[in-house]
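Engineer: Whatever this is, show me its structure:
(chains A and B)
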Amino acid sequence: MVQKKPAVDAVLVGFGWTGAIMAQQLTEAGLNVVAIERGGWRDTPTHFPPTIAQDELRYYWRHEMFQETARETLTFRNNPAQRALPMRRWGSFLPGEGVGGSGVHWNGITYRFLPSDFEARTHNEQRYGPLPQDMTVQDYGVTYDELEPHFDTFEKICGISGRAGNLGGTIQEGGNPFEGWRSDEYPNPPLEMTFAQDRFEESARAMGLHPFPAPAANMSRAYTNPLGLSLAPCTYCGFCEKYGCGNYSKSSPQTTIIPVLMRKSNFTLRTNCEVLHVDKHPDGTRATGVTYVDAQGDVFEQPADMVILCAYQLQNTRLMMLSDIGEQYDPVTGQGVVGKNYCYQVMSSVQVFYDDAFTNGFVGAGALSMVADDYNGDNFDHSGLGFIGGGYISCSTTNARPIESRPVPEGTPEWGSAWKKAMRESFLKTTSVGVHGASMAHRLNYLDLDPTYTDAWGRPLMRMTYDFTANDRRMTDFITPIAADIARGMGGREIKINERTGSYDSMPYQTTHNTGGTIMGQSPADSVVNRYLQSWDLHNLFVMGAGAFPQNAGYNPTGTVAALAYWSADAIVNQYLRDPGPMVQA
Amino acid sequence: MTRFSLFSALPLAAAAFWTGSAAGSEELSFSQVERGRYLATASDCIGCHTDFENGAEPYAGGRGLETPFGVIYSPNLTFDDETGLGRWTRDDFYRAMNEGIDREGNHLYPAFPYPYFTLMPRQDTDAIYDYLSTLEPVHKEKPENELPFPFNLRQAILGWNTLFFEEREFVSDPEMSDEWNRGRYLVDGPAHCGACHTGKNFAGADVDEEYLRGGVLENWLAPNIRGGENGGLDDWSQAEIVQFLRTGRNDHTAALQRMGEVVVLSTQKLANSDLEAIADYLKTLDDDPREIQPSQDSAVMEAGEAIFFDSCAACHAVDGTGAPGLFAPLDGSNKVNSEDPTTVIRVILEGTQAVATDAHPGPLAMPAYDWKLDDGQIADVATYIRNAWTNSAPAVDAGTVEDLREYLSED
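Structural biologist: Numbers count the residues shown, from 1 in each chain, chains lettered A, B, ... in the order given. Model (predicted):
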């Protein structure tokens, strides 16, 4: 029997970054908000205090921060000709679970996408001519200029450490000269760099590139954000990605928003409750709420005037499908939009090994990097290259954690005494230059429901069909050698190039930057949500997250995900609430 | 159950009737009730008279107060006829506040801080009474006190009063400023700071020479809060004292469990002028110079330093300077340098959490180390932080840690 809860103004599905942002903005506007999170409550003092925060066995190996695959996972295949099989252990990406979502175990690298990234089709076709037919790249429908104030808001909430490269159109020495204009400097100065970043900077500069410090949600100093929450200076312990920060030094929903929310009488959080589907009104124009199941297996209906999907990208897409909202994408006909344009990222790297110099990679932070953005987006001329987009090239120091980190030079055996010797010699004397490449949408990369495998509730799993595209391969083949050139200039004994070749492999970790599936755009024919992240089908349904990206840029997505959430919240509060209905006429 | 609730509803209805008459036939003015609310807040009545643990109604009593003599349960201050103050008059209330005697003429245990409230003039106790009379009456019986013989005999209090209690009203010092006098009144009267911060004798009464020099209760150390030369708050500015009382944090420390409760329920809600007055008064209280300890055993210091570096330095910094406003600087800390190491050991053993206040809503905590460090290691690291940098305080031995560990495990 389904028990009915009292109606609220808005129900949020999932309580990570976008859930916390939406809850904060909507409760400030006076709405009564309920957030439903399928994982448990998590806070710094209770769940990842400094006495256990760096437990590699627990977090790296046993995946304590991540979604439980035994309860629900997804199936994967490279192309429609294959049979997809379930991923029983996470590898290539690591979706989070619990309060704070993946915002607890992220690195904290907080970029803004380039202005041209938001107009990928228009911009590139104007400059280089028509894109190939199978490249289903499109404009976001919202521009960088419109998002700028919201990027700024998020950076101040997080206390991002960085150096502006473009203040109001004026290029700033030492920042990223390619970035979009900024209305303000970062709230905190850049992190302290180490030996490796200094070598990278020298080498990149000698090549005529423009290195700058990565924008970091790791605190370079103590900071109190506009909501009155305080963050502590980073200790450079290097346990960010896959870990919660025990020192309050990494921005997360827990450290920057949630404590303020939990004190509000118009906010309610229900943990260990999983939303099964969005409920639709029989007239098909709006959602009436959501149906969820609690930890005891009791099923509830939560009626609400607005439903906002704030779960991870894969989950939001799946909920749309399970709720039968919008038309499922069909790769053969190209019709339908839900599940369309699944994109990922294309990573490669070059390791540098030193003889005498200590890089001391254990002194690190998730976003402790020097970066060159010269080969990202459309910051360089792509004429005759056969691809669009690019990626940033960076030298980061993090991850040198004793169980996980095993750097050895080219030609080292994979086990035995020679391996041990190489490990001993290399561990403190190595660094790496990475390429964080974009991923462009393709007709045959998509998400749908698996015909065979089901989750713990008997519902079909999400099926991912994905492989790197010709555009991706040309991009990585072009930029990886440039990264190798920088690496060669860093004064080491030797380098080792880790190219991205072959088909996409879902096991080795790459990035948790899955995008698309609920893409935004300018018409219902090519998108799931409009420029305000409002569903074209149900006007009171909004879908947050990287699922809205029509294709993925060569950056970490959190900054843009958050800016879109603030932009959408602003539209809800200032437009939608006054006159509920479609904010863009189809 | 149904029958029970039916009957228990009756006294509530009666109470509503009585409230009207008990509060006096004259109309209660808004300003009088507000004044009472403010004084009740300054006196932190809600703190002891609310059973927070069981989510009970504010001011309805039932909270167990641990004293060295046993557990005393606070009575119901709402105007319920049977179980609260419903039948009390303003005179009755004044007598309780002024003399520690209840409506039936029984002596109240001095866990109720009437030795401080006695300083409050009649118009202040009347205002509190008027405020309490506006609260929704709650029918709530108070549990029996858990006091062994002879403390269970209320006659014993008569003797206690003869020895330690003096009924008196606050007298201003004409030599000093109005602000200073206001501060002193608040500290010694309604806010009853000495109840925790003044050392007690065998009978739990304030020792005059120990006035605001720190005290131990429920195995917490309430630190020395004299703010003048050599006082515990010597290095706190007046503004920093105000900031601490207003927000629960300043560059020196954060309010932990017991004081945190006081900040949340009381001081953060007080007028800035009153907090400034309290700080002004405390800053005039000098103290004797601290005794410099002989240097500690170098093996202990070395072991302590190594433990500190591994387990503590990430937040408190290698040089003990912490992260002001977030992680307490240990160098120069009043709590760390205190002769009595109770709080230091306790915080290492069970960790602690800064309370969320209006100004600092976020959690901030130190984790427990009881599972990670043994008694000897905790003694070493405690001795180290008490004698590193500019600190100087008696060494801590493993036995003291063991005793506190045992006490805490019994909780």
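
Engineer: what's the average pLDDT for stretch B:399-406?
Structural biologist: Mean per-residue pLDDT for stretch B:399-406: 96.

Engineer: Show residues contacting that stretch.
Structural biologist: The set of residues external to stretch B:399-406 that reach it, using C-beta atoms under 8 Å, 6 or more residues apart in numbering or on different chains, is B:219, B:341-342, B:345-346, B:349, B:370, B:375-376, B:378-379, B:382. For glycine as for every other residue, the C-beta is placed from the backbone atoms N, C-alpha and C.

Engineer: from these, which is closest to A:Ala483?
Structural biologist: B:Asp370 (48.5 Å; C-beta to C-beta).

Engineer: Could you double-check that that closest one sits in contact with B:Glu350?
Structural biologist: Yes - counting by C-beta atoms under 8 Å, B:Glu350 is a contact partner of B:Asp370 at 6.2 Å.

Engineer: Now do the shared contacts for these two.
Structural biologist: Going by C-beta under 8 Å, 6+ apart, residues that sit against B:Asp370 and also against B:Glu350 are B:Leu408.

Engineer: hmm, which two among the contacts of stretch B:399-406 are most spread apart?
Structural biologist: Pairwise distances across the contacts of stretch B:399-406 (C-beta to C-beta) peak at 20.3 Å, for the pair B:Asn219 and B:Gly376.

Engineer: where's the residue lying closest to A:Arg38 once chain neighbours are set aside relative to A:Thr288, distance?
Structural biologist: Counting by C-beta to C-beta, 6 or more residues apart in numbering or on different chains, A:Arg38 lies nearest to A:Glu274, which is 3.9 Å off, once chain neighbours are set aside. Noted for A:Glu274: a distance of 19 Å to A:Thr288, by C-beta to C-beta, to the nearest Å.

Engineer: same question, A:Asp526
Structural biologist: From A:Asp526 to A:Thr288 the distance is 27 Å (C-beta to C-beta).

Engineer: Extract the CA atoms of stretch A:525-543 and return them as CSV.
Structural biologist: Extracted as CSV, the C-alpha positions of stretch A:525-543 are listed here (Å, rounded to 0.1, in the frame of the first residue of the first chain):
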residue,chain,number,x,y,z
ALA,A,525,13.0,17.9,-30.9
ASP,A,526,16.7,17.9,-29.8
SER,A,527,16.6,18.2,-26.0
VAL,A,528,15.0,16.9,-22.8
VAL,A,529,15.1,20.2,-21.0
ASN,A,530,15.0,23.8,-22.0
ARG,A,531,17.6,26.5,-21.3
TYR,A,532,16.4,26.6,-17.7
LEU,A,533,16.7,22.9,-17.2
GLN,A,534,12.9,22.7,-17.3
SER,A,535,11.4,19.6,-18.8
TRP,A,536,9.8,20.2,-22.2
ASP,A,537,7.1,17.6,-21.3
LEU,A,538,6.2,18.4,-17.7
HIS,A,539,6.6,22.1,-16.9
ASN,A,540,7.0,21.6,-13.1
LEU,A,541,9.8,19.0,-13.6
PHE,A,542,13.5,20.2,-13.6
VAL,A,543,16.5,18.1,-14.2
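
Engineer: now the helices: where do they sit in the stretch 251-400 of chain B?
Structural biologist: When secondary structure is read from DSSP state H, counting those that start in this stretch, the stretch 251-400 of chain B shows helices at B:257-265, B:272-282, B:298-311, B:313-316, B:334-337, B:342-350, B:375-387, B:398-410.

Engineer: for chain A, same thing?
Structural biologist: A:17-28, A:44-47, A:56, A:120-128, A:144-158, A:195-206, A:253-256, A:258-261, A:313-322, A:417-426, A:470-488, A:558-571 (DSSP state H).

Engineer: Residues touching the third one, excluding its own?
Structural biologist: So that's helix A:56. A:401-404.

Engineer: Now for those residues: which two are most distant?
Structural biologist: Spatial extent of those (C-beta to C-beta) is set by the pair A:Pro402 and A:Glu404 at 7.6 Å.

Engineer: could you point out which element follows the worst-scoring helix or strand of chain B on mean pLDDT?
Structural biologist: Ranking every helix and strand in chain B by mean pLDDT, DSSP states H and E puts helix B:2-22 at the bottom, with a mean of 38. As assigned by DSSP states H and E, the chain's next helix or strand after helix B:2-22 is helix B:30-42.

Engineer: Close to chain A: what parts of the stretch 151-300 of chain B are there?
Structural biologist: Proximity of the stretch 151-300 of chain B to chain A is not found for any residue under the rule C-beta under 8 Å from any C-beta of the partner chain.

Engineer: Poorly predicted segments of chain B, please.
Structural biologist: B:1-27, B:411 (pLDDT under 70).

Engineer: per the record, what domains does it have?
Structural biologist: Segmentation of chain B into domains, based on automatic domain parsing, reads B:11-164, B:178-282, B:298-410.

Engineer: who touches stretch B:208-221?
Structural biologist: Against stretch B:208-221 from outside (C-beta under 8 Å, 6+ apart): B:66, B:187, B:193-194, B:196-200, B:222-226, B:232, B:256-258, B:282, B:285, B:287, B:335, B:338, B:340, B:342-343, B:346, B:404, B:407-408.

Engineer: And those, which of them are buried?
Structural biologist: Neighbour-count burial (16 or more other C-beta atoms under 10 Å in any protein chain shown) applied to these gives B:187, B:193-194, B:196-200, B:222-226, B:232, B:256, B:258, B:282, B:285, B:287, B:335, B:338, B:340, B:342-343, B:346, B:404.

Engineer: Compute the number of surrounding residues for A:Lys280.
Structural biologist: When counting by other C-beta atoms under 10 Å in any protein chain shown, one arrives at 19 neighbours for A:Lys280.

Engineer: And it, how close does it get to A:Tyr576?
Structural biologist: 18 Å.

Engineer: again with B:Ser74
Structural biologist: For B:Ser74 relative to A:Tyr576 (C-beta to C-beta), the value is 50 Å.

Engineer: what does A:Asp381 give?
Structural biologist: For A:Asp381, the distance to A:Tyr576 equals 42 Å [C-beta to C-beta].

Engineer: Who has more neighbours out of these two?
Structural biologist: Set side by side, A:Asp381 and A:Tyr576 show more neighbours around A:Tyr576, with 21 against 9, by other C-beta under 10 Å.

Engineer: Just list the residues touching that one, thanks.
Structural biologist: A:Tyr576 touches A:306, A:532, A:534, A:583, counting by C-beta under 8 Å, 6+ apart.

Engineer: need the contact list for the one residue in the stretch 251-400 of chain A that gets nearest to chain B.
Structural biologist: For the stretch 251-400 of chain A and chain B, the shortest gap (C-beta to the nearest C-beta) falls at A:Pro259, measuring 4.3 Å. By C-beta under 8 Å, 6+ apart, the contact list for A:Pro259 reads A:229, B:356, B:361-363.

Engineer: Let me see the confidence value for it.
Structural biologist: pLDDT at A:Pro259 comes out at 96.

Engineer: Which of the helices or strands spans B:Phe151?
Structural biologist: For B:Phe151, there is no host helix or strand (DSSP H and E).

Engineer: Thank you kindly, that will do.
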